[in-house]
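Undergrad: got a predicted structure here, sequence first:
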Amino acid sequence: MTLKKQQIDWDSLGFEALPTRSMWKGECSTGEEWIDGNLVPYGEVNLSPAACVLNYGQGVFEGMKAYHTAKDRIVMFRPDKNSARMQKSTQRICIPMMNDEYFMKAVLSTVKDNIDYIPPYGKGTMYVRPISFGISKAISVQPASKYLFIVFTSPVGSYFKGDAKVLHLFLSDEFHRAAPKGIGNAKAIGNYSASLFPGMQAKSNGYNDMIYVHAKNEQIIEEMGAANLFVVSDGELLTPKLGGSILDGVTRDSVITIAKEILNLKVKETDIEIERLLKAEEVFCCGTAVEVTCVGKISTKDKEYIIGNGDYGPKTLSIKKHLIQIQKEEIDDPFGWIHPI
């Protein structure tokens, strides 16, 4: 398959939203089903200043990727998981749920129509952003009566500036990302605004991002602003357990599966104390945007800790290698995760 590509400097891609040809746009009202929608030229969206999403943050989104693989195919990675999570998130935020068929039609139609914006094999990926939010006017606090669903895409490179291979994170109990029994386990737009200020502070002080602790028990860790965390301790692979304030990441689930089924590692979803984190043999974060990225240093307000040898450990490296090779079809997919376009 020979795909004509856009004239883009693929080697200089960052992680910004670049305009593409088209986007999916659909509308739905309360009590109705998502059936309306079609591709429109990529562009601005007109909203009332009283729109519910602007005043009360009623919106959810997903993060997905399309890949040009070693087999010269365009594929997506586990889109069914994103569809299922979108349904849970919309239910939690009082947005009409869309079925898998509608979600997949919107996503695949958008990717296909912008296929020439997908970077060549080895040069990056296409980020796919489905987002749904309340657009009807609201002065009182209440769910919207009308909703918009958009899917847009952008070619992207590395998430971390400077193509950071090893991260230096800041651990603090000064800020919390989400509260127990809140909406931390939904991919709601408001969750991410809570991490903007502490994330900006961390980056201005030379760190790549923040590690957040549990809002109720500040002796255990949760996740980063936009990524799940994993710790290798005493030969075991640990990750904070899901409990209502941590996002059920698609990459997180994939890492657990690879670790168990391919690498035969012992995996525990459990509470991880700060002390155990700082003494870990390896630490890494994962997500659709960050993929699998090593954490080499963690700083607190009192001290800087080097994790392991300060670089990729063997377990992190092996997990990263297997995940990326499956996504790029460099090895066989034993789990049925790859969805050809």
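TA: The structure has been received and is ready for your questions.

Undergrad: give me phi/psi at residue 247?
TA: Backbone torsions of residue 247, given as degrees, to the nearest 10, read phi -70, psi 140.

Undergrad: what do you get for residue 84?
TA: phi -60, psi -40.

Undergrad: skipping adjacent residues, who's closest to it in space?
TA: Using Cβ to Cβ, 6 or more residues apart in numbering and skipping residues adjacent in sequence, the residue nearest residue 84 is residue 100, 7.7 Å away. (C-beta placed from N, C-alpha, C; glycine too.)

Undergrad: now do the helices in this protein.
TA: With DSSP state H as the criterion, the chain has helices at 52-56, 79-92, 100-113, 189-193, 196-204, 250-261, 274-278, 314-327.

Undergrad: what does the fourth one contact?
TA: Among residues not part of helix 189-193, those counted as contacts by Cβ atoms under 8 Å, 6 or more residues apart in numbering are 53, 57, 59-61, 131, 133, 177-178, 183-184, 225-226, 247.

Undergrad: got the buried residues for it?
TA: For helix 189-193, the buried set under the neighbour-count rule, 16 or more other Cβ atoms under 10 Å, comprises 189-191.

Undergrad: may I have stretch 124-140 as PDB, with CA atoms only?
TA: Provided in PDB are the C-alpha atoms of stretch 124-140 (Å, rounded to 0.1, in the frame of the first residue of the first chain):
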ATOM      1  CA  GLY A 124       5.200   9.600  14.900                       C
ATOM      2  CA  THR A 125       1.500   8.800  15.200                       C
ATOM      3  CA  MET A 126      -1.900  10.400  14.600                       C
ATOM      4  CA  TYR A 127      -3.600  11.500  17.800                       C
ATOM      5  CA  VAL A 128      -7.400  11.000  17.700                       C
ATOM      6  CA  ARG A 129      -9.500  13.100  20.100                       C
ATOM      7  CA  PRO A 130     -13.200  12.300  20.500                       C
ATOM      8  CA  ILE A 131     -14.900  14.900  22.800                       C
ATOM      9  CA  SER A 132     -18.500  15.400  23.900                       C
ATOM     10  CA  PHE A 133     -19.900  18.300  25.800                       C
ATOM     11  CA  GLY A 134     -23.100  20.300  26.700                       C
ATOM     12  CA  ILE A 135     -23.800  23.100  24.400                       C
ATOM     13  CA  SER A 136     -27.300  24.300  25.500                       C
ATOM     14  CA  LYS A 137     -27.500  27.500  27.600                       C
ATOM     15  CA  ALA A 138     -27.400  27.200  31.300                       C
ATOM     16  CA  ILE A 139     -27.400  29.800  34.100                       C
ATOM     17  CA  SER A 140     -28.500  27.500  36.900                       C
END
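
Undergrad: so how far is residue 184 from residue 124?
TA: 30 Å (Cβ to Cβ, to the nearest Å).

Undergrad: same check on residue 28?
TA: The value you get for residue 28 to residue 184, if Cβ to Cβ is used, is 26 Å.

Undergrad: higher neighbour count, those two?
TA: Using other Cβ atoms under 10 Å as the criterion, residue 28 and residue 184 rank with residue 184 on top: 24 against 21.

Undergrad: that one reaches residue 242, doesn't it?
TA: No. The pair residue 184 / residue 242 is not scored as a contact, 9.8 Å apart, by Cβ atoms under 8 Å.

Undergrad: chain center to the worst-scoring helix or strand of the chain on mean pLDDT, what's the gap?
TA: Across the helices and strands of the chain, mean pLDDT, DSSP states H and E gives its lowest value to helix 189-193, namely a mean of 92. Distance of helix 189-193 from its chain centroid, counting by Cα atoms, centre = their mean, to the nearest Å, is 13 Å.

Undergrad: next: stretch 317-335.
TA: 18 Å.
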